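Asks: Predicted model and sequence below, questions to follow.
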Amino acid sequence: MTYLGIILTYVFVSNLVLSQFLGLCPFIGVSKNTESAVGMGFAVTFVMSLATLITWALQRFVLVPLNIVFLQTVTFILVIASLVQLVEMAVRKYSPPLYQALGIYLPLITTNCGVLGIALISVNADYGPMESFLAGLSAGIGFLLALLLMSGIRERLDTEKVPKHLKGAPIAFISGGLMALAFMAFDKALLSNIIGG
Amino acid sequence: MEDILRILAAFLSTSLFATLLGLGLAVASRRLRVEKDRKVEALFEALPGLNCGACGYAGCEAYAEALASGADDDASKCSPGGPETRAALGEALGLAVEESGPRMVARLACGGGDGIAVREFLYRGYADCEAARIHFDGDKACKYGCLGLGTCVKSCPVDAISHTDDGLVAVDPDTCIGCEICVAVCPTGVMKMIPADAEWFVACNSHDKAKATKTFCSAGCIGCRICERKFPDAGFVVEDNLSRLEYTQGMGDGVEGAAAACPPKCIIKIKD
């Protein structure tokens, strides 16, 4: 697949949140206001890009040569979790402003299923290093997009009259479901029309 | 046999891998440690460390950081810590902190325990006041009283609230830190803040009319105004069918007489 195809696929067609339903926990938890949604979105993008690259290397140079691909999931979780911790420490030490912006969200996504999800997806799709990195990056951007849209909706929902039993998370899930319906318009056919595949 | 060996090998190699990563992280955390601001640490030490949020920050550390950076110059926001904490904070910051009012504690304004307040139906749902309130505003006929399911008990950061034998809750005034979390979570609003040294208290929250209150609960304030009219110096104010004691007007003479004259006996002595 071309690079453009990968970007379009993971931002729109296979949007992690809205069509694969991964990473719903931060999607509901951190979408209450735009500011934190953007912070979380960039933190996730950052981690996903790194994680797909690292897990690609792990798969290519360790798991496949040693013929232990069955340990894929567990080693990926370990590597991603430690990677996030390490990145958090490094950012805290060397870039306090970046830590202020992203740092508090980093521990929240150590074992986010979306991060593991995109790592497994790109490994299973047999991507090369550049393609893996791009898949992670665009999946993160897709997540950021979903979170940003959702936070906009939820900020408006706060001032709307919502029936009591639907207040908070329930109405958020319903709105998320409607957004997922809208995202179904981005399908494989549309993709092949655009990139001519 | 070979399968078992394979499983064992996988188990061992994964454990080894995880241990290595853990060690790596431990080394990295040593290497990349960030020296914390001394001032923040001193302020954090002075705070009670309850992370109750009464100051308006996410926790004690956030408040300490705001104080240290100068983003917040009010060192008297920590109500749980009391005067000692304020003094310690002031010392750490190098400024004097003004004393603000008497220590306030929460108190349950309801005397309608089992056998006193009438129940309209048997609630057997999830043991949470908010859950009970969703069902016809709770099982008690009086919609202002304590539902007794203990949402406040669960929310109290210092475990000062406990269930009583008669189906209500009680706040231990010595343990209470005055954070007002219970006041905020109580769906009927029956928790009130009163000065810790208050001697008398109107233990009712019912705004129903006298006739309704009488049928609902034998310990409910009927708004008869005897306390307000006959004992004007005592500081009782009756509003919206409910009497309350104005502690600011000085716990004047006649509170005792008012308590004796109160028909439902809902003015109670809470301290000797």
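Replies: Good, I have the coordinates.

Asks: which residue is nearest the centroid of chain B?
Replies: residue B:182 (3.4 Å; C-alpha atoms, centre = their mean).

Asks: so what does the lowest-mean-pLDDT helix or strand in chain A touch, helix or strand wise?
Replies: Sorting the helices and strands of chain A by mean pLDDT, DSSP states H and E puts helix A:96-102 at the bottom, at a mean of 72. Applying 3 or more C-beta pairs under 8 Å, 6 or more residues apart in numbering or on different chains; DSSP states H and E, one finds that helix A:96-102 contacts helix A:34-58, helix A:72-94. Where you see a C-beta, it was placed from the backbone N, CA and C, and this is true even at glycine.

Asks: Give the next helix or strand downstream of it.
Replies: Sequence order places helix A:113-124 as the next helix or strand after helix A:96-102, per DSSP states H and E.

Asks: on that earlier part again, what comes into contact with the least confident helix or strand of chain A?
Replies: A:39, A:42-43, A:46, A:88, A:91-92 (C-beta atoms under 8 Å, 6 or more residues apart in numbering or on different chains).

Asks: returning to that earlier point: residues in contact with the residue nearest to the centre of chain B?
Replies: Taking C-beta under 8 Å, 6+ apart, one finds B:106, B:152, B:155-156, B:161, B:171, B:191 in contact with residue B:182.

Asks: Looking at those residues, which is nearest chain A?
Replies: Checking the contacts of residue B:182 against chain A with C-beta to the nearest C-beta, the nearest one is residue B:155 at 17.3 Å.

Asks: Distance of residue B:195 relative to chain A?
Replies: 35 Å (C-beta to the nearest C-beta, to the nearest Å).

Asks: Just the pLDDT for residue 92.
Replies: Let's take chain A. pLDDT for residue A:92: 78.

Asks: that's the wrong chain, I meant chain B
Replies: pLDDT, read off for residue B:92, is 77.

Asks: And residue B:1, by the same measure?
Replies: 81.

Asks: Give me the longest helix you can find in chain B.
Replies: If you go by DSSP state H, chain B has its longest helix at helix B:2-31.

Asks: what angle do that helix and helix A:72-94 make?
Replies: For helix B:2-31 against helix A:72-94, the angle by axes from the mean of the first three to the mean of the last three C-alpha atoms, to 10 degrees is 10 degrees.

Asks: what packs against the longest helix seen in chain A?
Replies: Scanning chain A for the longest helix, with DSSP H as the assignment, gives helix A:129-157. Applying 3+ C-beta pairs under 8 Å, 6+ apart, one finds that helix A:129-157 contacts helix A:3-8, helix A:24-29, helix A:34-58, helix A:113-124, helix A:169-183.

Asks: Recalculate using a threshold of 6 Å.
Replies: helix A:3-8, helix A:34-58, helix A:113-124 (3 or more C-beta pairs under 6 Å, 6 or more residues apart in numbering or on different chains; DSSP states H and E).

Asks: Go through that helix and flag the buried ones.
Replies: A:131-151, A:153-154, A:157 (16 or more other C-beta atoms under 10 Å in any protein chain shown).

Asks: tell me the mean pLDDT over that helix?
Replies: 92.

Asks: Helix A:34-58 and that one, what's the angle between them?
Replies: 160 degrees.

Asks: Would you mind listing what in chain A touches chain B?
Replies: Proximity of chain A to chain B, by C-beta under 6 Å from any C-beta of the partner chain, involves residues A:71, A:74, A:78, A:82, A:85-86, A:89, A:92-93.

Asks: burial measure for residue B:82, as a count.
Replies: 14 (other C-beta atoms under 10 Å in any protein chain shown).

Asks: quick one: it from residue B:25, how far?
Replies: 40 Å (C-beta to C-beta, to the nearest Å).

Asks: Let me see the ranges of the strands in chain B.
Replies: B:104-108, B:161-163, B:169-171, B:191-195, B:200-202, B:236-239, B:242-245, B:267-269 (DSSP state E).
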